[in-house]
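Undergrad: Pasting the sequence and the predicted coordinates here, then a few questions.
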Amino acid sequence: MRTALVIGNWKMNGTIAESRALASAVRDGLKRIRDVHVAVCPPFTALAAVAEVLGGGTIGLGAQTCHHEPSGPHTGEIAPPMLVELGCRFVLVGHSERRKEMGETDEQINSKVHAVLAHGMTPVLCLGETGEERRQGLTFTTVEGQLRAGVAGLNPDDIARCVLAYEPVWAIGTGVNATPGQAAEIHGYLRGLVSEVASKEIAQAVRILYGGSVKSDNAEALFAEADIDGGLIGGASLKATEFVAIVKKGAATGVAPKGGS
Ligand code: PEP
């Protein structure tokens, strides 16, 4: 059984006051929600305020990245224990915006995955091909390379603690989502790879989220795919009503159709 998971990635948006207001609206909109797990990833500056609003309830707190060292001379960086102290349960790792803008390499991403796990949090390892890679027929090669490198050196039990997020770069923030069929094809492929690098049982238990222009009007069809276990939501997570509506689609499709799959 895989319970759907929907994570909001607020990216570099929101003052502390705005983040508090957004978190309150999401919390209130999801008071009686069941059968889905939810988390939000505010900017670092708003983590403490959002943690207070969420009050350790069912909505999890996540960070958008972290350094792989626990402390040290890394000006401007945030270490995993600092996130633990704030109540973070999730850390996004290897988001394509960081791969592109910060030049994060697969090796660095792998170090971060190890560090996040070592501090008891869940890494959400982001993978996805660019539009050019898809046009050149390199989608499978790209995501396979990112997955194998991202989990390198982890034992199967640690792989079981990871969440994967397939996020085709051409779909992020563009309004053009992967079709459910396109996404399902890659999710199935990734699940097969997890089976190879960990085990068949772990592959059936690991959650693989889809991210890239998910909205309340396309979420249901995406989440209904057997291998899509929820979403990583960027732009649409900045509007509470929209995010709440997406989470509800996850609750509606998250458990029953995936039982034993
Ligand atoms: C993201 O940044 O992880 C993302 C999926 O963004 P968007 O939903 O805006 O495409």
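TA: On my side now, so go ahead.
Undergrad: can you list the residues of this structure near the ligand?
TA: By CB under 6 Å from any ligand atom, the residues of the chain that approach the ligand are 9, 167, 172-173, 211-214, 232-236. Where C-beta positions appear, they are placed from N, C-alpha and C, glycine not excepted.
Undergrad: Out of those, name the ones that lie in strands.
TA: Using DSSP state E, the members of the residues of the chain next to the ligand that fall within strands are N9, G211, L232, I233.
Undergrad: and those as TSV, adding neighbour count?
TA: Below are these laid out as TSV (neighbours: other CB atoms under 10 Å):
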residue	neighbour count
N9	26
G211	29
L232	28
I233	29
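Undergrad: quick check, nearest of these to I159?
TA: Each of these was scored against I159 by CB to CB, and L232 proved nearest at 18.6 Å.
Undergrad: Could you tell me which residues make contact with the residue lying closest to the closest one once chain neighbours are set aside?
TA: Spatial nearest neighbour of L232, excluding adjacent residues (CB to CB, 6 or more residues apart in numbering): G211 at 3.4 Å. In this structure, G211 makes contact with N9, C126, G128, A165, Y166, E167, A171, I172, G231, L232, I233, G234, judged by CB atoms under 8 Å, 6 or more residues apart in numbering.
Undergrad: again, 7 Å this time
TA: For G211, the contacting residues are A165, E167, I172, G231, L232, I233, G234, by CB atoms under 7 Å, 6 or more residues apart in numbering.
Undergrad: secondary structure element for the first one?
TA: Here A165 is covered by strand 163-166, with elements defined by DSSP states H and E.
Undergrad: Pairing partners for that strand, with directions?
TA: Sheet pairing here is set by DSSP bridges, and for strand 163-166 it gives strand 122-127 (parallel), strand 207-211 (parallel).
Undergrad: Redo these as TSV? Include mean pLDDT.
TA: Converted to TSV, these look like this (pLDDT from 0 to 100):
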stretch	mean pLDDT
strand 122-127	98
strand 207-211	98
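Undergrad: Let's have the ones you listed in CSV, adding distance to G94.
TA: Below are the strands paired with strand 163-166 laid out as CSV (distance: least, CB to CB, whole Å):
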stretch, distance to G94
strand 122-127, 5
strand 207-211, 12
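Undergrad: returning to that earlier point: any idea which of the ones in strands among the residues of the chain next to the ligand is closest to S71?
TA: Using CB to CB, these come closest to S71 at N9, 25.8 Å.
Undergrad: What's the per-residue pLDDT of that closest one here?
TA: pLDDT, N9: 98.
Undergrad: low pLDDT regions in the chain?
TA: For the chain, the stretches flagged by pLDDT under 70 are 254-261.
Undergrad: Where do the helices of it begin and end?
TA: Assigned by DSSP state H, the chain shows helices spanning 16-29, 47-54, 80-86, 96-101, 106-118, 131-135, 139-150, 156-160, 180-197, 200-205, 219-223, 240-253.
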